[in-house]
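>>> from the sequence below, what's the structure:
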Amino acid sequence: MNQDASNQSGLSGEQSPPARPLRLMIAGAGTGGHLFPAIAVAEEIMRMFPGSQVMFVTTGKPIEQTVLAGRSFEIAQISAGGLKGMGLLQKGRSLMLLPRGFWKSLCLIRSFAPDAVLGMGGYSAAPVILAAFLRRVPRLIHEQNRIAGMTNQWLSRLARRVLVSFEDTRISCRPGKIRFTGHPVRHQIREVAENRGMRVHEGGQKLFTVAVLGGSQGARRINAAVVEAFSQIKEPGRFFVIHQTGPHDEESVRRAYVRMGVDSAVSAFFRDMASVYEQADLAVCRAGAATLAEIAAVGLPALLVPYPYAADNHQVHNAEVPAKAGAAEMIPEKDLSPSWLAEYLQACADNTGGRFEKACLAARSLGRPRAAAAVINEILEAAGRKRVLDSSNT
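Residues are numbered from 1 along each chain as shown. Got it, this is the predicted structure:
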């Protein structure tokens, strides 16, 4: 079994961290699922260790630029490309990028001089962790999913510590390296746990609020099913929909809700997810690790529709945990019909048998609100410094 990093500090309360700032390099992105836990760790470091510097090393994808925009981190770009699931030509191009990305990573490590390097998965982490290994810089990786990705499977051999979000994460490395930290969640989201409530309509009517979250890129199949489901619901005025559509469906979804008279807030991407979770009564979403950690932190019940083409079917494996705990229901995308979804949403709004109270409690039982502190303690120890943060998740 993976060691539980949250119980290794031996502290009963938060102690004052040392004055010496921390220099951390974070590598690996490409999706919100890699970026958001990294941001949670980075923000906690900046808050707890004034004067610290955090550098994100990315490949410059649009989603990376959107998510990191306006934040007080240094950002550097390297060349990297994926291999898994790619055609022969694309694999060849990716392999040609490796030497350039590795050389740039060496230069960044030499100039930034990090105390440690944290890899978050994704192909862009590989050259940075390899460069850190050759430069003998302390290096850790964090695996968000229950089934480790190809990059982290390989990098686990070079890392001093392998941090995991699930206690039963499958990753091939020496067991003594593994630490069960949980999945870091941004502090703004943790703080809304006690403040969620139903949105109140101008006339005073309480609306059942559904947050449709297809991930940072949206999910077109979920978008279509939800819109069609609301066309079949008898009383759409009872609902308020917060819908993150991704870049392709924003206008069409917005027009559909207006046409049906459904009160809604529609955007390609919501930067303020804390506000979304605070209003929501139910999430309809994928089963990426970041989303599952966030809804657990705020005690939000969910209908999970795992992405059917995820590597190694890892979203199904992720979703099994909250589904078995009673915190969520899981349905394959191929079975997500508008008629079934309309009936499901109507039943949820009726809240028969107090199903949401039970699901909220189940969701919160899965949350690990001090996961970011647990990760930071591991970073400090790997860098030869003392653990100083309370990482108890009780």
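>>> give the contact list for the spatially closest residue to Asp272 that is not a sequence neighbour.
Once flanking residues are discounted, Asp272 sits nearest to Gln188: 7.9 Å by CB to CB, 6 or more residues apart in numbering. In short, each C-beta sits where N, CA and C put it, glycine included. Applying CB atoms under 8 Å, 6 or more residues apart in numbering to Gln188 gives the contacts Asp272, Met273, Ala274.
>>> ok, and the most crowded of the residues you listed?
Greatest neighbour count in the contacts of Gln188, by other CB atoms under 10 Å, goes to Met273: 23 neighbours.
>>> tell me the pLDDT of it.
Looking at Met273, its pLDDT is 92.
>>> check contacts around it.
Contacts of Met273 by CB under 8 Å, 6+ apart are Arg186, Gln188, Ile189, Glu294.
>>> list the buried residues for whichever strand or helix holds the residue nearest to Asp272?
Using DSSP states H and E, Gln188 maps to helix 187-190. Residues of helix 187-190 classed as buried: Ile189, Arg190 (neighbour count, 16 or more other CB atoms under 10 Å).
>>> equivalent analysis for stretch 356-365, please.
Buried residues in stretch 356-365, counted by 16+ other CB under 10 Å: Phe356, Ala359, Cys360, Ala362, Ala363, Arg364.
>>> point out where the protein drops to low pLDDT.
1-2, 6-19, 29-30, 80-97, 193-205, 216-218, 352-354, 390-394 (pLDDT under 70).
>>> pick out the residue nearest the middle of it.
Residue closest to the average C-alpha location in the chain (CA atoms, centre = their mean): Ala290, at 1.9 Å.
>>> verify the stated contact: Arg364 with Ile295.
No - using CB atoms under 8 Å, Arg364 is not in contact with Ile295; the gap is 9.9 Å.
>>> sorry, back to before: farthest pair in the contacts of Met273?
Gln188 and Glu294 (10.4 Å; CB to CB).
>>> the residue nearest to the centre of the chain and Tyr307: what is the separation?
To Tyr307, Ala290 is 13 Å away according to CB to CB, to the nearest Å.
>>> ok, how many other residues are close to the residue nearest to Cys360 when sequence neighbours are not counted?
Leaving out its chain neighbours, the residue that sits closest to Cys360 by CB to CB, 6+ apart is Gly299, at 4.3 Å. Applying other CB under 10 Å, we find 23 residues neighbouring Gly299.
>>> need the contact list for the residue nearest to Gln53 when sequence neighbours are not counted.
Spatially, and ignoring its direct neighbours in sequence, Gln53 is nearest to Arg23 (5.1 Å; CB to CB, 6+ apart). By CB under 8 Å, 6+ apart, Arg23 lies in contact with Ser52, Gln53, Val54, Phe112, Ala113, Pro114, Asp115.
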